[in-house]
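In: Everything below, folded, please.
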Amino acid sequence: QLRLRESGPGLVKPAQTLSLTCTVSGGSITANTYIWDWIRQPPGKGLEWIGAVAYSGTIYYSPALNGRASISRDTSEDQFTLRLDAVTPEDTAVYYCARGVRLGYFSVTYWGQGTQVTVAS
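Out: Got it, this is the predicted structure:
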């Protein structure tokens, strides 16, 4: 059974860097065809795709983040990480890691439970 679990701080101060890690169990992040996504949902708003790392290691970003996001992976640990620089209160959201087969969240079939991140001083 594939499981994804997000971990990271729940509170980040403005202008700092948010760092989240997704740990995958029951599967490999190098398994052919899959895309491993970071997605968030701000309070009262819809889902927003942040970016992804494909099984091949190719990394994709949403242009909406204006270059603030950075995604990396550790294949030996089946983990992938999101870093978001220069956060503001508008980055407050529930952050999810997920697995799909195409970019975006419409093809996601496995989700982590989500982790609340609040940006506040």
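In: Quick check: the residue nearest the centre of the chain vs S121, distance?
Out: When the chain is reduced to its mean C-alpha position, the nearest residue by CA atoms, centre = their mean turns out to be W38, at 2.4 Å. Distance, W38 to S121, by CB to CB, to the nearest Å: 24 Å. In short, each C-beta sits where N, CA and C put it, glycine included.
In: can you tell me which residues contact the residue nearest to the centre of the chain?
Out: W38 makes contacts with 20, 22, 49-52, 69, 71, 82, 95-98, as judged by CB atoms under 8 Å, 6 or more residues apart in numbering.
In: could these go into CSV alongside distance to S28 and pLDDT?
Out: Listed next are the contacts of W38 as CSV, based on distance: CB to CB, whole Å; pLDDT from 0 to 100:
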residue, distance to S28, pLDDT
L20, 20, 98
C22, 13, 98
W49, 22, 97
I50, 22, 97
G51, 20, 97
A52, 16, 97
A69, 23, 98
I71, 17, 98
L82, 19, 98
Y95, 22, 98
Y96, 20, 98
C97, 15, 98
A98, 16, 97
